[in-house]
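[1] sequence below, structure please.
(one chain, ligands or ions: 2)
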Amino acid sequence: MSRQRATAFVPGHVTAFFSAHSAERPVAAGSRGAGVTLTDGVTVRVSAADEAGASGESGESDESVAPGQPAGSRTIDGEPGTIGAVEDVLAALGLAEDDGTPRVVDVAVETDLPIGAGFGVSGAAALGAALSANDAFDRGHSENELIRIAHEAEVGRGTGLGDVVAQARGGVPIRLEPGAPGVGELDGIPADARVEYVTFGELSTEDVLGGDTAALSAAGEDALDRLRADPRLPTMMDAARAFASEADLLVPEVAEAIAAVGDSPEKYDDHGAAMAMLGRTVFGLGTGLSDAGYDPEVCRIDAAGARLVTEQ
Ligand SMILES: Nc1ncnc2c1ncn2[C@@H]1O[C@H](COP(=O)(O)OP(=O)(O)O)[C@@H](O)[C@H]1O
Ligand SMILES: CC(C)(COP(=O)(O)O)[C@@H](O)C(=O)O
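    Ligands and ions are numbered 1, 2, ... in the order given. Below is the predicted model of the structure:
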């Protein structure tokens, strides 16, 4: 008998630059690019619904819930709400009782990160739901299979391309080839750093990815070539700044913050700031944002990647 409840932590992921790659099969679609995973992230708790939860008190008629999928309760930071990719993950895992009746599941997503501001919260929630539902209901999937399920859900919803594979890995992932494990290919920059960030608002990932991505992708490929030739954090940040302006994604508040931070080559641990894709967010490595007078959130590069956690 499985424990019927489990919790997973998935790091946030800030994309520094990317190119978009569509494909007929979601497993092969994704992005190339690079970014940093964060010790700030998303915690997902999945459990078999109790009688109260089974009434769907907060799932109600949310359009994101797949047809035929019993809602259970869905919360984001304690408030009713869900993320489409999470529902698709639960549907893909086929959570049925032994007698075939659909299992009613409660899902609680908790995060200190802003949603829709370039931290890959949707991908993290999807991957966290996959890891915790697999554990809670003893589905027997391997890590790569769960990453694939979450990646397919995220790509299918248009809310991200490369966050899930990056968040599964942790560190500073370089996405060399797009797609889920078995198709995509990852490398990374071996590095640790303090990360600061300030968010000025949301930017719809669905809208940007749903538009013409040709110029953006050309800029992303150039940035990746640079980073492959010199896989170091300062080069990643420099390539990220060039990408944001070439791809025409820079928003004024972010541009202002990047200029205020400037490049501080004299500080070995400060590599300036860049825009987080895709959000109205600036992130910096080192102390540049606080030195420039901003009041940033502070965390570090996450070393471990997505994982199940034991709750005391
Ligand atoms: N409070 C909220 N604010 C913004 N998006 C939300 C919220 N609650 C749920 N969502 C859903 O979360 C997803 C956010 O996806 P995306 O814009 O890619 O953001 P992120 O960069 O955090 O991954 C969307 O599918 C949106 O419908
Ligand atoms: C940049 C983005 C396409 C979206 O990122 P977010 O808005 O954080 O969901 C990401 O998934 C990537 O492939 O790099």
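
[2] counting neighbours, what do you get for whichever residue of the stretch 201-312 of the chain sits closest to ligand 1?
    Closest contact between the stretch 201-312 of the chain and ligand 1, by C-beta to the nearest ligand atom, is at T205 (3.5 Å). The way it works is simple: take the backbone N, C-alpha and C, and place the C-beta from them, glycine included. Neighbourhood size, T205 [other C-beta atoms under 10 Å]: 23.

[3] likewise for P80?
    Neighbours of P80 under the rule other C-beta under 10 Å: 13.

[4] just T199 next, same as before
    Residue neighbour count, defined by other C-beta under 10 Å, stands at 21 for T199.

[5] that one should be in a helix, yeah?
    No - per DSSP: H, G, I helix; E, B strand; the rest coil, T199 lies outside any helix segment and is strand.

[6] quick one on the thing from earlier: phi and psi next, for the closest residue in space to the residue of the stretch 201-312 of the chain closest to ligand 1 that isn't next to it in sequence.
    Using C-beta to C-beta, 6 or more residues apart in numbering and skipping residues adjacent in sequence, the residue nearest T205 is L278, 4.9 Å away. With angles defined as degrees, to the nearest 10, L278 sits at phi -120, psi 100.

[7] surely L278 meets V121?
    No - the pair L278 / V121 is not scored as a contact, 11.9 Å apart, by C-beta atoms under 8 Å.

[8] name the element F9 belongs to?
    With secondary structure defined by DSSP states H and E, F9 is part of strand 5-21.

[9] briefly note if that strand comes near ligand 2.
    Yes - counting by C-beta under 6 Å from any ligand atom, ligand 2 has neighbours in strand 5-21: 15, 18.

[10] got phi/psi on the residue found closest to A292 once you drop the neighbours it is linked to in the chain?
    Nearest non-adjacent residue to A292, counting by C-beta to C-beta, 6+ apart: A260, 4.2 Å away. Dihedral angles of A260 (phi, psi; degrees, to the nearest 10) stand at phi -60, psi -40.

[11] repeat that for R148.
    For R148, the backbone dihedrals (degrees, to the nearest 10) come out as phi -60, psi -50.

[12] what separation do you get for it and V10?
    15 Å (C-beta to C-beta, to the nearest Å).

[13] what does G179 give?
    Note on G179: its distance to V10, by C-beta to C-beta, is 19 Å.

[14] likewise for A242?
    A242 sits at a distance of 29 Å from V10 (criterion: C-beta to C-beta).

[15] still on that earlier bit, burial count for the residue nearest to T205?
    Using other C-beta under 10 Å, L278 has 24 other residues around it.

[16] residue contacts, it?
    Contacts for L278 (C-beta atoms under 8 Å, 6 or more residues apart in numbering) come out as 15, 118, 203-205, 208, 249.
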